[in-house]
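K.L.:
A structural model of the following input is requested.
(one chain, ligands or ions: 1)
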Amino acid sequence: MTVHHFEGHSMSSPEIDQERPPVVLELDDVSVDFGGLRAVDRVSLSIRQGDIYALAGESGCGKSTLAYALLGMVPPPGKVSTGEVRFKDRSLTSMSRSELNRMRAADVSMVFQAAMNAFNPVVTIGKQVEHVLDAHPGVYRTRQEGRNYFDELIRLVRLDPEVIWNGYESRFSGGMKQRVAIALALLLKPSVLLLDEPTTALDILSQRLVIDILRDLHERLGVTIIFITHDLALVAELADRVAVMYAGKLVEAGTLDEIFYDHRRHPYVNALIRAVPSVNGDTELIKPIPGRVPSLAEMPVGCRFALRCPLAEERCREVDPPLLSDPNGHGIACHVVNDQADHDLDAAVEVPR
Ligand SMILES: Nc1ncnc2c1ncn2[C@@H]1O[C@H](COP(=O)(O)OP(=O)(O)OP(=O)(O)O)[C@@H](O)[C@H]1O
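P.N.:
Down below sits the predicted model:
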């Protein structure tokens, strides 16, 4: 059995690996516990340089907790209880506090879901940019050079540099704040931009604009993008790779095409797709997923989706299905779907129970 991580491509072929960009962020069998409750359960995945990677799933499935683990900043009392997070092959646990802070500022930069509140309302954006530049003197030779780059970023997010530099966050619309937050997150030239629900709080036009801008930034700056979302329509528009979480577990991972068009698909992902009008294409056929995500305190023994699953059999309620991947690395954790597969399947992650 080959042990490898989910990213939508097989890692078992060295030739393929050599042609592909390097892994920048990696979760290796990572769990996160809050007290005695497990919010993320033994997740492994690899994010490569240049990916636009979606972490998808309903509210409460552990996406934000996973993102915090990627940044080495799980909020107390939470802690990473199994496995390891690596940035460019370095374990986050081996980093000192100042190295971790530097990584979060200059390597893996996050735009939080409440980006709207990320600014100081009584200080101009320009002053806030200068504070960031002063706190990280190694990135630019002069403050002016840093300011020039910020102005360039502001143009890339399709705003007026002069207006933004002298402006206050309180005068900006939600969409503008989000775009300024994205520019600010890119100021120190991070290799990875992590966004939590980047379009959720925005009106339709601003959503569209933010999607276009993120694509543009990806293309022009080559920045790796990871975004968290409950919205499969956004996944379909923006991502090239997808990991779907359910109740703290990874249930499916692969390329966008594999997730949306492969006939082999996890029943939870099927249900999510049917629940989204713009992906489904026909509002008449929208089918909300019955039931709810189980709470951390009452996790079922077998497959966590079994209680809501139309395919569930007796064994699903008894045995947790392993993640199995086809030869391309498209991974699914479902007894029934994997039994029907017409390929040989590999155990992608061996998880001792
Ligand atoms: N600080 C905390 N203390 C205790 N439990 C927490 C804490 N943060 C998250 N959890 C629990 O971890 C689980 C996963 O939450 P998380 O916020 O990661 O999910 P999510 O998929 O990002 O959802 P949302 O989109 O609503 O943020 C939930 O059951 C939540 O209650």
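K.L.:
What parts of this protein come near the ligand?
P.N.:
34, 39, 57, 59-65, 75, 78, 230, 296 (CB under 6 Å from any ligand atom). For the C-beta atoms, the positions are set from N, CA and C on the backbone; glycine is no exception.
K.L.:
Out of these, grab the one that's most surrounded.
P.N.:
residue 57 (28 neighbours; other CB atoms under 10 Å).
K.L.:
Quick one: the helices in the stretch 101-250 of the chain, in order.
P.N.:
Counting by DSSP state H, counting those that start in this stretch, the stretch 101-250 of the chain has these helices, from start to end: 125-135, 143-156, 161-166, 174-185, 204-221, 232-238.
K.L.:
Include mean pLDDT and mean neighbour count when you put the ones you listed into a markdown table, please.
P.N.:
Converted to a markdown table, the helices of the stretch 101-250 of the chain look like this (pLDDT from 0 to 100; neighbours: other CB atoms under 10 Å):
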| stretch | mean pLDDT | mean neighbour count |
| --- | --- | --- |
| helix 125-135 | 95 | 16 |
| helix 143-156 | 97 | 17 |
| helix 161-166 | 97 | 16 |
| helix 174-185 | 93 | 22 |
| helix 204-221 | 95 | 16 |
| helix 232-238 | 93 | 21 |
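K.L.:
With respect to residue 89, which of those lies nearest?
P.N.:
Across these, residue 89 has its closest neighbour in helix 204-221 (22.5 Å, CB to CB).
K.L.:
who touches the closest one?
P.N.:
50, 52, 156-158, 173-175, 178-179, 182, 186, 193, 195, 198-199, 202, 223, 225, 227, 234, 237-238 (CB atoms under 8 Å, 6 or more residues apart in numbering).
K.L.:
Tell me which of the helices of the stretch 101-250 of the chain lies nearest to residue 345.
P.N.:
That would be helix 232-238 among these, by CB to CB, at 23.9 Å.
K.L.:
could I get the closest one in PDB with only the CA atoms?
P.N.:
This file holds the C-alpha atoms of helix 232-238, laid out as PDB (Å, rounded to 0.1, in the frame of the first residue of the first chain):
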ATOM      1  CA  LEU A 232     -19.500  25.100  -3.800                       C
ATOM      2  CA  ALA A 233     -20.300  27.700  -6.400                       C
ATOM      3  CA  LEU A 234     -17.200  29.700  -5.300                       C
ATOM      4  CA  VAL A 235     -15.100  26.500  -5.400                       C
ATOM      5  CA  ALA A 236     -16.300  25.800  -9.000                       C
ATOM      6  CA  GLU A 237     -15.300  29.400 -10.000                       C
ATOM      7  CA  LEU A 238     -12.000  29.700  -8.400                       C
END
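K.L.:
In JSON lines, list the residues of the chain next to the ligand along with secondary structure and pLDDT.
P.N.:
Below are the residues of the chain next to the ligand laid out as JSON lines (DSSP: H, G, I helix; E, B strand; the rest coil; pLDDT from 0 to 100):
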{"residue": "34", "secondary structure": "strand", "pLDDT": "94"}
{"residue": "39", "secondary structure": "strand", "pLDDT": "95"}
{"residue": "57", "secondary structure": "coil", "pLDDT": "93"}
{"residue": "59", "secondary structure": "coil", "pLDDT": "89"}
{"residue": "60", "secondary structure": "coil", "pLDDT": "89"}
{"residue": "61", "secondary structure": "coil", "pLDDT": "93"}
{"residue": "62", "secondary structure": "coil", "pLDDT": "93"}
{"residue": "63", "secondary structure": "helix", "pLDDT": "93"}
{"residue": "64", "secondary structure": "helix", "pLDDT": "92"}
{"residue": "65", "secondary structure": "helix", "pLDDT": "94"}
{"residue": "75", "secondary structure": "coil", "pLDDT": "89"}
{"residue": "78", "secondary structure": "strand", "pLDDT": "94"}
{"residue": "230", "secondary structure": "coil", "pLDDT": "91"}
{"residue": "296", "secondary structure": "helix", "pLDDT": "91"}
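K.L.:
Isn't residue 318 up against residue 306?
P.N.:
No: the pair formed by residue 318 and residue 306 falls short of the contact definition of CB atoms under 8 Å, at 9.2 Å.
K.L.:
These two: which has the busier surroundings?
P.N.:
residue 306 (23 against 13).
K.L.:
I'd like to know how far the more buried one sits from residue 90.
P.N.:
Applying CB to CB, to the nearest Å, the value for residue 306 to residue 90 is 38 Å.
K.L.:
In the stretch 251-353 of the chain, what residue lies closest to the ligand?
P.N.:
residue 296 (4.7 Å; CB to the nearest ligand atom).
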